[in-house]
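Asker: The following block contains a protein sequence and its predicted model.
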Amino acid sequence: MSTTSYELSNIEALEAESIHIIREVAAEFERPVLLFSGGKDSIVMLHLAVKAFAPARVPFPVMHVDTGHNFPAVIEFRDEMVGRLGVRLVVASVQASIDAGRVVEPTGPRASRNQLQTVTLLDAIEEHSFDAAFGGARRDEERARAKERVFSFRDEFGQWDPKQQRPELWSLYNGRHHRGEHIRVFPLSNWTELDIWQYVESEKLPVPSIYFAHERDVFSRDGMWLAVSDVVTVMDDEVVERRTVRYRTVGDASCTGAVDSAAATVAEIIDEVAATRITERGATRADDRASEAAMEDRKREGYF
Amino acid sequence: MELLRFATAGSVDDGKSTLIGRLLHDSKAVFEDQLEAVADASERMGLGGVNLALLTDGLRAEREQGITIDVAYRYFATPRRKFIIADTPGHVQYTRNMVTGASTADLAIVLVDARKGVLEQSRRHAFLASLLRIPHLVVAVNKMDLVDWEQSRYEEIVAEFRSFAARLDVADLTFVPISALHGDNVVERSGNSPWYEGSSLLHHLEHVHIASDRNLIDARFPVQFVIRPQTDEHHDYRGYAGRVAGGVFKVGDEVTVLPSGLSTTIAAIDGPSGALSEAFAPMSVTIRLADDLDVSRGDTICRPHNRPAVAQDLDAMVCWLSEVGELRSGARLAIKHTTRWARTVVRSLQYRLDVNTLHRDEGADALGLNEIGRISLRVTHPLLCDEYRRNRETGSFVLVDEATNATVGAGMVLSAS
């Protein structure tokens, strides 16, 4: 930063805005929680939370909504990061929701537990009486998200009503709510995928290994590479091949696709992201392809 | 790389979506899968050609009705700057959404259709931009291809707009003749307007000087959160976390904490990446003071000889945002200003402003949805505020309904005592 001209770079301005949002939540809510998937966005968000309260500890726990269909490298990473930072980890398990009969496991070769996460998430919010939940969603990801507020009100059923959003002006956030309602908070709203990677680079943040190019047995489905694993059934007409790929997003292993890539370092990922012509969700998420308003519909029900 | 936030206002017909689509497309911020989805949807809806408005209209209801209802945020970057577009609806019934998008913008683009000239809607958008004190206003005279790139038509519109803008408080007013559809003067200067000596719209967005828009004179630091680690290692650490809302704070500066009025000096400033010698707006930092004072959330740190008002009585311009209920004198509401919540009662409504004509209706007794007026407020606890014209952070507030918790009003301080 050049201190003589009193100017902030794009990344410094975004960092300042996010820290301000995180501190507002800590000051005004009784029981916030930070949703942490082990993906790059939640890594950046948790890192910003650490900065917001340093040298004190982050004054809220993190929660992982665990579908049970994970990439092992991501779970290892999650445990290492929360251990290093000394934050409390709450795991909300989709498997437990299935066992308790709260949701029914979908079947068939295209089955994914992704959709089930909403119930597990809302149950956990209620069980722990969380009144604010930080999410790592960004407005550049998807067009329904482009419309969402930084402080996004959820009613007692956890639902988002895009037509009844609270106007949000200046940096004055209204987090008032009644008991049983909660607020989703998106401190990374104004970051783009490229900003995230540039920040990962400049802050030297570790990220799970699956973000970097590696060899993997994959097969093509819906125009993306799905990894062969216990949670995916390869259909008869699908051909498994070994390719050099990486993941652009980290989600449920049954519906998150990989992309062809040789990017082995963060700098190479930045070059790749800057040149790509496909959005990250378009390239890698089967769940968004279900319909034109797939994300809006899931968000209304209480999805991340 | 610097960040520039700009707001666009417009409706279906004036080419706003085409212009945004053009900026995003030509800066390669529209992706193939997005274009494909838009093309599919356009075909399904029986539209001739690809409707770029579908890129920005993200909600089902918006696509069904073919209108922009809510603010959408869009992102693109050039090698010089990153841009955040607050894409807002233009119709009068969505004034509140436009005000929302305008509140944080550095620059506003108002579109004028070259065939139609300066309409009521363009005047309203310019007025709202000036009310929200967006420092830079760009008038994009669009559809110049449909008036054969006639210089005289362009000059006529510029003159008409200037005479209207003279009644507003606009610091920087720029005009660009464009064709959003064909891309003339959007990214590159066009051969169709040899008489136009200014820069292309994108060039202007990349180069307009925004660094001096911030108030770097009046040092203001509303305290957000008190950091006390209470660990062995940081046993005596007591830091005041917040975002600099104005001015510059330096280590060693003498400062005063309001409302207590007690003074001390700055012992240290901790930034996101370590110790700093100074902090300026809009940095998020933690300030440590030399003396142990009683400081808590809602207090403001400033300089001893440059203080905000400590006020319980405010005069303010207010935009009413709620469709349920009106703003009337006697109304009791919650108010959030910087990091402080309080309660307030509306003492009086002085006038309602017609956003199209700027006429002041002093006989009005209520403000309805999207209406703007001047009110007097009495607040339960003193607010540490400045006039909005001096500082958009310490001069703004929101009003909240205490029963529903809905945000129902947006206010800008005119005077405080």
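Answerer: Happy to help now that I have it.
Asker: In contact with the residue nearest to A:E15 when sequence neighbours are not counted, which residues?
Answerer: Among residues not flanking A:E15 along the chain, B:P272 sits closest, at 5.6 Å (Cβ to Cβ, 6 or more residues apart in numbering or on different chains). Using the backbone N, CA and C atoms, a C-beta is placed for each residue, glycine as well. Counting by Cβ atoms under 8 Å, 6 or more residues apart in numbering or on different chains, B:P272 touches A:15-16, A:19, A:48, A:51, B:284-285.
Asker: which one of those residues sits closest to B:V92?
Answerer: B:V92 lies nearest to A:A16 out of the contacts of B:P272, by Cβ to Cβ, at 34.8 Å.
Asker: Can you classify that closest one as helix, strand or coil?
Answerer: helix (DSSP: H, G, I helix; E, B strand; the rest coil).
Asker: And the strands in the stretch 51-200 of chain A, which stretches?
Answerer: A:62-66, A:89-93, A:132-134, A:151-154, A:182-185 (DSSP state E, counting those that start in this stretch).
Asker: so can I have a markdown table of these showing distance to B:V139 and mean neighbour count?
Answerer: Below are the strands of the stretch 51-200 of chain A laid out as a markdown table (distance: least, Cβ to Cβ, whole Å; neighbours: other Cβ atoms under 10 Å in any protein chain shown):
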| stretch | distance to B:V139 | mean neighbour count |
| --- | --- | --- |
| strand A:62-66 | 48 | 22 |
| strand A:89-93 | 52 | 17 |
| strand A:132-134 | 40 | 26 |
| strand A:151-154 | 33 | 22 |
| strand A:182-185 | 37 | 26 |
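Asker: Same list, these, but as TSV with mean pLDDT and distance to A:T256 please.
Answerer: Shown next, in TSV, are the strands of the stretch 51-200 of chain A (pLDDT from 0 to 100; distance: least, Cβ to Cβ, whole Å):
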stretch	mean pLDDT	distance to A:T256
strand A:62-66	94	14
strand A:89-93	92	19
strand A:132-134	97	21
strand A:151-154	94	24
strand A:182-185	96	22
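Asker: Can you say which of those strands is nearest to chain B?
Answerer: Between chain B and those, the shortest gap by Cβ to the nearest Cβ is with strand A:151-154, which sits at 8.0 Å.
Asker: what's next to the closest one, contact-wise?
Answerer: By Cβ under 8 Å, 6+ apart, strand A:151-154 touches A:160, A:164-166, A:168, A:173-175, A:177, A:181-186, A:302.
Asker: Of those, just the buried ones, ChimeraX syntax please.
Answerer: Remark: buried members of those, expressed as a ChimeraX selection using 16 or more other Cβ atoms under 10 Å in any protein chain shown:
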select /A:160,165,166,168,173,174,175,177,182,183,184,185,186,302
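Asker: which of the contacts of strand A:151-154 are close to chain B?
Answerer: A:165-166, A:168, A:174, A:177 (Cβ under 8 Å from any Cβ of the partner chain).
Asker: Show me which pair in those is furthest apart.
Answerer: A:E168 and A:H177 (14.6 Å).
Asker: For the most centrally placed residue in chain B, which non-adjacent residue is closest in space?
Answerer: Against the mean C-alpha coordinate of chain B, by Cα atoms, centre = their mean, the closest residue is B:S103 at 2.1 Å. Nearest residue to B:S103 in three dimensions, chain neighbours excluded: A:L169, at 4.0 Å (Cβ to Cβ, 6+ apart).
Asker: and the gap between that neighbour and B:L377?
Answerer: According to Cβ to Cβ, to the nearest Å, A:L169 stands 17 Å off from B:L377.
Asker: ok, now B:V255?
Answerer: Distance from B:V255 to B:L377, by Cβ to Cβ: 28 Å.
Asker: Compare those two and say which one has the larger neighbour count.
Answerer: B:L377 (25 against 21; other Cβ atoms under 10 Å in any protein chain shown).
Asker: Now do the same contact list for B:L353.
Answerer: B:L353 touches B:317, B:359-361, B:371-374, counting by Cβ under 8 Å, 6+ apart.
Asker: Let's have those residues in CSV, adding neighbour count, pLDDT and distance to A:P208.
Answerer: Shown next, in CSV, are those (neighbours: other Cβ atoms under 10 Å in any protein chain shown; pLDDT from 0 to 100; distance: Cβ to Cβ, whole Å):
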residue, neighbour count, pLDDT, distance to A:P208
B:M317, 18, 97, 50
B:H359, 10, 92, 61
B:R360, 14, 95, 60
B:D361, 13, 96, 61
B:E371, 21, 93, 52
B:I372, 22, 94, 50
B:G373, 21, 96, 54
B:R374, 19, 97, 55
